[in-house]
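Asker: sequence plus the predicted model coming up.
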Amino acid sequence: MALASQALLDAQLDLWQNTFAYVKSMGLKSAIDLRIAETIQHHGGGATLSQIATRAMVPPAKIPCLSRLMRVLTATGVFNAQQAPPGISSCEQLLYTLTPMSRLLVGSRNQVPITTLILQSTVVSSLFELGGWLRRELPEPCMFQLRNDHTFWELANTDPAFNALFNNGMNSDTELIMDIVVNEFGEVFHGADSLIDVAGGHGGAAHAIGKAFPHLKCSVLELGHVVADAPNYTNVQYIAGNMFETVPPASMIFLKSLSHQSISPSLSSPSWVVNGDQVGEIKVESMDGRLGADLLVGRG
Ligand SMILES: C[S@@+](CC[C@H](N)C(=O)[O-])C[C@H]1O[C@@H](n2cnc3c(N)ncnc32)[C@H](O)[C@@H]1O
């Protein structure tokens, strides 16, 4: 084949791969919907196609399609496939097993809630607005609002199911990450006597910090509808409020998973000023920056 034709085919392949990239995340979503990781764990760490089909309630006529989904999921590293040991029926040549990634879909610290949130149709479909949003002069309305007619926080405030989906998602991420933060980077919490987790969701991070460092008095500042549903951790004080108006005093300030859109669509750059003064107010305000940090710990 002429070089030019080969280059054209290679380019077309790249185009197809980018066009169909969503199959990867939608395959993962289907694996969660069909609870495939749980089935594999249920069968002692290795399950055949028919075992997966049975527990997922996939009818026999669709088993070839399920087999194709499993090929996608093994190609993308969600599961491993190995030759089934002798004794398993000859049409069941493969035994599917978990990978480090899919082990995060089972067990007590599983990441199913946060993955489900991110792959939820309301959230995914906001990205359809990206091109149109970029053409607009002003940052507001954000992509989510352009798509859904209300902001993310308005929806969380008015739709209890979406609110629960969101808060459960954030909790699952927090539980996983905070073990590592506390065990590997715990020294940052020494020398302070109080901590405020700004926009701290249901207080999972503050609870984990307070449990590991009982000398720290931990509080969470959050929007009213989030505080209203928060669990009753005895070592966490909840404060309903708006972080842009006032942040109660504390010797340490903690921010986790606060991104540009999650705080306010009008913020567009990362420099944050954390001012503590003796009168007792810590002010959090955006300068002109995007807060890209997943985790920020500062002293007032
Ligand atoms: C991505 S979540 C992070 C929650 C928590 N830090 C965590 O990592 O689990 C962003 C949080 O910001 C809260 N939030 C948004 N705007 C806020 C505001 N103006 N004042 C206080 N909290 C706010 C939301 O309710 C939400 O819980």
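Answerer: Yep, that arrived. Residues are numbered from 1 along each chain as shown.

Asker: dihedrals phi and psi, Glu129?
Answerer: With angles defined as degrees, to the nearest 10, Glu129 shows backbone torsions of phi -90, psi 0.

Asker: what's the burial count for it?
Answerer: Residues contacting Glu129 under the criterion other C-beta atoms under 10 Å number 18. Every residue, glycine included, has its C-beta placed from N, CA and C.

Asker: residue contacts, it?
Answerer: Counting by C-beta atoms under 8 Å, 6 or more residues apart in numbering, Glu129 touches 143, 146-147.

Asker: and these, which is closest to the ligand?
Answerer: If you rank the contacts of Glu129 by distance to the ligand using C-beta to the nearest ligand atom, Met143 comes first, at 15.6 Å.

Asker: kindly tell me how buried that closest one is, as a neighbour count.
Answerer: By other C-beta under 10 Å, 20 other residues sit near Met143.

Asker: then His225?
Answerer: What His225 shows, counting by other C-beta under 10 Å, is a neighbour count of 15.

Asker: hmm, it is touching Asn163, no?
Answerer: Yes. Contact criterion C-beta atoms under 8 Å: His225 and Asn163 qualify, at 6.6 Å.

Asker: could the contacts of Glu129 go into TSV alongside pLDDT?
Answerer: Formatted as TSV, the entries for these read as follows, by pLDDT from 0 to 100:
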residue	pLDDT
Met143	95
Leu146	97
Arg147	97
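
Asker: out of the residues you listed, which is nearest to Tyr233?
Answerer: Of all the contacts of Glu129, Tyr233 sits closest to Met143, with 33.6 Å by C-beta to C-beta.

Asker: I figured that closest one was touching Leu134, is that so?
Answerer: No. Using C-beta under 8 Å, Met143 makes no contact with Leu134, being 9.4 Å away.

Asker: circling back: list the residues that contact both of His225 and Asn163?
Answerer: By C-beta under 8 Å, 6+ apart, His225 and Asn163 have these common neighbours: 156-157.

Asker: compute the first-to-last residue distance for stretch 30-38.
Answerer: End-to-end distance of stretch 30-38 (C-alpha to C-alpha, to the nearest Å): 13 Å.

Asker: and the contacts of that stretch?
Answerer: Under C-beta under 8 Å, 6+ apart, the answer for stretch 30-38 is 47, 52, 55-56, 58, 69-70, 73, 78-79, 96, 98, 102-103, 105-106, 112, 115-116, 119.

Asker: could you rerun that using 10 Å?
Answerer: Surrounding stretch 30-38, the residues in contact under the criterion C-beta atoms under 10 Å, 6 or more residues apart in numbering are 23, 39-42, 47, 52-53, 55-58, 66, 69-70, 72-73, 76, 78-79, 96, 98-99, 101-107, 110-113, 115-116, 119.
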